[in-house]
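Visitor: predicted model follows, preceded by the sequence.
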Amino acid sequence: MNGQAVGAPAYETKLAWLDAFRAWVAASFDPADPLVICGDFNVAPDDRDVWDPVLWSGSVLASEPERAAVRSLEGWGLTDLRRAAAGDVPGPFTFWDYTAGAFHKGWGLRIDLALGTVPVADRLESVMVDRDERKPTYGEGKPSDHAPLIVTLV
């Protein structure tokens with residue numbers, strides 16, 4: 001759920017879901033155990049994860065309450081594996097809107113996340129985005145607006 005727009009009922013539902021998800025994780029798992037949670041969070045954790053931080057400032061997918069929800073998961077004991085692998089390097093993006101040639105212009109967002117507990121982060125070798133899977137291929141139809149995020153552990 002992307003939340004539609006800041007302040008919309010769907011946005012409030014998204015925030016409530018993220019809060020309930022964090023509570024479920026905390027009640028169901030131990031941060032000392034190996035755990036990976038990954039998927040389309042529809043949240044760009046910080047300004048490095050949007051193609052234009054000024055344009056996206058305060059917008060749905062990049063609002064402070066959404067980012068705080070991801071930080072709350074990290075506070076419980078999850079590590080953003082992409083950030084752990086790349087440090088302060090921006091992106092790489094995992095999502096590009098279909099409009100205005102966003103993919104080819106590099107107008108993307110990193111909203112697909114892989115979060116892992118310390119035992120997983122300690123085994124992290126690499127995290128990459130397979131941009132080729134997002135590229136249109138003649139005769140195969142329209143690709144997803146997301147690209148796969150690949151986490152390699154040792």
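Guide: Received the coordinates, thanks. None of the values given here were measured: they were computed from a predicted structure.

Visitor: for the protein, longest helix please?
Guide: Longest helix in the chain, counting residues (DSSP state H): helix 9-28.

Visitor: which other helices and strands contact it?
Guide: For helix 9-28, the packing partners by 3 or more CB pairs under 8 Å, 6 or more residues apart in numbering; DSSP states H and E come out as helix 64-76. Every C-beta, even on glycine, is put in place using the N, C-alpha and C of the backbone.

Visitor: following the helix it packs on, which helix or strand comes up?
Guide: Of the helices and strands lying after helix 64-76 in sequence (DSSP states H and E), the nearest is strand 79-80.

Visitor: list the buried residues in the helix or strand of the chain with the lowest mean pLDDT.
Guide: Every helix and strand of the chain was ranked by mean pLDDT, DSSP states H and E. The lowest is helix 102-105, at a mean of 91. By neighbour count on 16 or more other CB atoms under 10 Å, the buried set for helix 102-105 is 102, 103.

Visitor: got it, and stretch 93-101?
Guide: 93, 94, 95, 96.

Visitor: now, among these, which is nearest to residue 63?
Guide: Comparing the buried residues of stretch 93-101 against residue 63 with CB to CB places residue 95 closest, at 16.2 Å.

Visitor: quick one, phi/psi of the closest one?
Guide: With angles defined as degrees, to the nearest 10, residue 95 sits at phi -140, psi 140.

Visitor: remind me what the helix or strand following the least confident helix or strand of the chain packs against, helices and strands.
Guide: Moving toward the C-terminus from helix 102-105, the next helix or strand (DSSP H and E) is strand 108-109. If contacts are counted by 3+ CB pairs under 8 Å, 6+ apart, strand 108-109 sits against strand 95-96.

Visitor: residues making contact with the strand it packs on?
Guide: Strand 95-96 is contacted from outside by 40, 102-103, 107-112, 134, 145-147, using CB atoms under 8 Å, 6 or more residues apart in numbering.

Visitor: so where's this protein uncertain?
Guide: Confidence mapping of the chain against pLDDT under 70 gives the ranges 138-140.
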